[in-house]
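Visitor: dropping the sequence and predicted coords here.
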Amino acid sequence: MTVAEDTAVSLAGHRVTAARRAVLEAMRATPGPFTVEDLCAALPGVGRATVFRTVKLLQEHDVLCRVVLEDGGVRYQLSTGGHHHHLVCSRCGGVQEFADPALDLLIQQNARAAAFALDGHSLELYGRCAACG
């Protein structure tokens, strides 16, 4: 089953049009993190607005991760699912997901201690992957 077919089931209430399916397949074909501009360039027959709306919709359904780079740039990648954080390589730009329930608990405890109503959080750690040393 392709990502587009998997996602069609998870986007209940939203039509999976041919254009959305093309965006999903372009994401799947991209070997690493990508920008919306990368998708637009790969899909000249799909309108820019459709690409942006599809990216937003997939983020809302946790199919797509938004990764903030060290320089403030934004990339996206298909999510492996569930709440997680990112290890971002400063050299090659690779992104690895990791989950740590103990870390999430500490974040929640710190928010409560500050009387802060936490709606969500994201965490990117920057450094070098094993291949870049």
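Guide: Structure's in. What do you need?
Visitor: okay, CA-based contacts and neighbour counts for the rest of this
Guide: Will do.
Visitor: all helices for this structure, in order.
Guide: 3-10, 18-29, 36-42, 48-60, 101-113 (DSSP state H).
Visitor: which one of these has the lowest average pLDDT?
Guide: Mean pLDDT is lowest for helix 3-10 out of these, coming in at a mean of 48.
Visitor: picking that back up, most packed of the helices of the chain?
Guide: The highest mean neighbour count among those, using mean count of other C-alpha atoms under 10 Å, belongs to helix 18-29: a mean of 18.
Visitor: tilt between that helix and helix 48-60?
Guide: Between helix 18-29 and helix 48-60, the angle comes out at 60 degrees (axes from the mean of the first three to the mean of the last three C-alpha atoms, to 10 degrees).
Visitor: of all the helices of the chain, which lies closest to Val74?
Guide: Proximity to Val74 (C-alpha to C-alpha) singles out helix 36-42 among the helices of the chain, at 9.1 Å.
Visitor: who are the packing partners of that closest one?
Guide: helix 18-29, helix 48-60 (3 or more C-alpha pairs under 8 Å, 6 or more residues apart in numbering; DSSP states H and E).
Visitor: Val95 is nearest to which of those helices?
Guide: helix 18-29 (14.8 Å).
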